[in-house]
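*Asks:* I would like the atomic coordinates for the input below:
(2 chains)
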Amino acid sequence: MSDARIDGYARALFEIARAEGTLDEVEDELFRFARSFESSDQLRNTLTDEQIPADKRQAVVESLLGGKATATTTQLIGMVVGSGRGRDLPAIIDKLVQRASSAKKLEVAEVRSAVSLSADQQARLKAALTNATGKELNLKVVVDPSVLGGLVATVGDTVIDGSVRTRLDNVKSRL
Amino acid sequence: MNLVNVLAADPAETHHWLLPETAEIIYGGIASVLVIGALVKFALPQFKKALAARTERIQKELDSSSNDLAQAQADASKIRQALGDIASEKARLLADAKAQADALLADGRARLTAEISDMEAKADADVAAAAARGSDELRTEIGRLATVATDRVIASVLDDATQQSLVENFIAKVGASR
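*Replies:* Below you'll find the predicted structure:
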């Protein structure tokens, strides 16, 4: 899909979520869904398979998110998947998150963690990253078991890697 | 009539029957002199001329034969020389052929030796490469298994307390980085 079309979808989702008054929550849920979508081959293959009818794909989304995410999030993802744009879902959601952060004059800080972080840890992490980068941040935490332990924070082009995975990879490459 | 009767002299005859008459002798003698003189005068030069021409022709034939003989001898000499040349050419060609054969043989041996050497080197390299490849594959497999094992060991070692410690260390380190 072209950047213009991705941008168009992102703008539409952004406006809907803002009109619903649930932008922060929807943005966060969409972001986490996009990361799950990227890490799960099965989910990605199912939601992008053109052989599966659109209503069946939307039903999969409903069964996955129903009761776990807001109705707006479920409907927005269902809409994108039903229109056959499932393959571009992460790009659309990332654009939406960027747009939402820009609207709040914030920079997106994506943090991957092997375990979920408490609200206190997220707040301290946000403060630490703000202090380190000098930017106001919109923190997005993704639980990613492949990290093994520790955290990986990405702010724009800056990557702060304190993961066990990377340390292991470094040791492995040295070996 | 028998022979005695024939030979018996006729008494009526004036001269012996065996001898010509005197006039006949005279006339015959003159005629003979005239004939002989005519022969000497006219026929003898022609005879001499014919004899000289014949002698000259014979001499020419002898000269020609001599020349032919000399020519034949010269040709024979040339042929003998040519035969000598042919023999030497044959010897030279045989020597050249032998030299070329020796050179080809030496070249073939050298090339064969080089090819064998190359093949041995290639075989050694292939064996070494196969060994290295096997070693690399083994190393890669060991690395992969070690990675899987390490991941599992670390995942089992990283309990919740350790995870929280890693998170706190990260926050502290990032917070102190500016």
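*Asks:* how about the residues of chain B near chain A?
*Replies:* B:143, B:146-147, B:150-151, B:154-155, B:158, B:160, B:162-164, B:166-175, B:177-178 (C-beta under 8 Å from any C-beta of the partner chain). The way it works is simple: take the backbone N, C-alpha and C, and place the C-beta from them, glycine included.
*Asks:* Got a PyMOL select line for the buried ones in the residues you listed?
*Replies:* Burial among the residues of chain B next to chain A is assessed by 16 or more other C-beta atoms under 10 Å in any protein chain shown; the matching PyMOL selection reads:
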select buried, chain B and resi 154+158+163+166+167+170+171+174+175
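*Asks:* Let's see which of the residues of chain B next to chain A end up in helices.
*Replies:* Applying DSSP state H to these, the entries found in helices are B:143, B:146-147, B:150-151, B:154-155, B:160, B:162-164, B:166-175.
*Asks:* could you pull out the helices for chain A?
*Replies:* A:3-20, A:23-39, A:41-48, A:54-65, A:71-82, A:89-103, A:119-133, A:164-174.
*Asks:* list the contacts for the residue of chain B found nearest chain A?
*Replies:* Distances between chain B and chain A by C-beta to the nearest C-beta are smallest at B:Gly175, namely 3.4 Å. Residues near B:Gly175 by C-beta atoms under 8 Å, 6 or more residues apart in numbering or on different chains: A:Arg124, A:Ala127, A:Ala128, A:Asn131, A:Ala132.
*Asks:* so which of the residues you listed also contact chain B?
*Replies:* Answer for the contacts of B:Gly175 near chain B (C-beta under 8 Å from any C-beta): A:Arg124, A:Ala127, A:Ala128, A:Asn131, A:Ala132.
*Asks:* give the contact list for the residue nearest to B:Phe170 when sequence neighbours are not counted.
*Replies:* Of all residues beyond its chain neighbours, the one nearest B:Phe170 is A:Gly162 (4.1 Å), with distances taken as C-beta to C-beta, 6 or more residues apart in numbering or on different chains. Going by C-beta under 8 Å, 6+ apart, A:Gly162 touches A:Gly150, A:Leu151, A:Val152, B:Leu166, B:Asn169, B:Phe170, B:Lys173, B:Val174.
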